[in-house]
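[1] The following comprises the amino acid sequence and a computationally predicted model.
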Amino acid sequence: MDGMKIYVGNLSYRMTADELKTLFSQFGQVDKADIIIDRDSGQSKGFGFIEMSVGAEAEKAIAGLHGTEVGGRALTVNQAKPKTDAPRGRPQQRHR
């Protein structure tokens, strides 16, 4: 499988997962579209992920949509980085 997971940032807070899927579908088959939602507020965090099973189509989508203005915002589109187990947040300060 040569598929790819794509990070999509700087989304309008009003964009839905269906709209995001439609946007990427012009480049090929979209297997999954997710917009990340803040669990406390229930509001979009302004970014999401697309999964496409054909790597060449995913690369065309990245090239075609990165920097494109959608909903008044220029999208950031690139290949998603693998999740790491590194702790999130600020690093702990060491006391002397």
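    Great, that's in hand. Residues are numbered from 1 along each chain as shown.

[2] which residues of this protein score low on pLDDT?
    Scanning the chain for pLDDT under 70 picks out 1, 86-96.

[3] could you pull out the helices for it?
    For the chain, the helices defined by DSSP state H cover 17-25, 55-65.

[4] of all those, which lies closest to Gly46?
    Evaluated over the helices of the chain, closeness to Gly46 peaks at helix 17-25, with 11.8 Å, by Cβ to Cβ. The way it works is simple: take the backbone N, C-alpha and C, and place the C-beta from them, glycine included.

[5] What is the distance between that closest one and the centre of its chain?
    Distance, stretch centre to chain centre, for helix 17-25: 11 Å (Cα atoms, centre = their mean, to the nearest Å).

[6] residues making contact with that helix?
    For helix 17-25, contacts defined as Cβ atoms under 8 Å, 6 or more residues apart in numbering pick out 6, 8, 11, 30, 33-35, 48, 50, 52, 61, 65, 70.

[7] again, only using 10 Å
    Helix 17-25 is contacted by residues 6, 8, 11-12, 15-16, 30-35, 37, 44, 48-52, 57-58, 61-62, 64-65, 68, 70-71, 75, 77 when judged by Cβ atoms under 10 Å, 6 or more residues apart in numbering.

[8] just to revisit the earlier point, now the helices of the chain as CSV including distance to Lys83 and mean neighbour count?
    Shown next, in CSV, are these (distance: least, Cβ to Cβ, whole Å; neighbours: other Cβ atoms under 10 Å):
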stretch, distance to Lys83, mean neighbour count
helix 17-25, 19, 17
helix 55-65, 18, 17
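
[9] Can you check which of those gets nearest to Lys81?
    helix 55-65 (13.5 Å).

[10] For Ser44, which residues are in contact?
    Counting by Cβ under 10 Å, 6+ apart, Ser44 touches Leu11, Ser12, Tyr13, Arg14, Met15, Thr16, Ala17, Ile35, Ile36, Ile37, Asp38.
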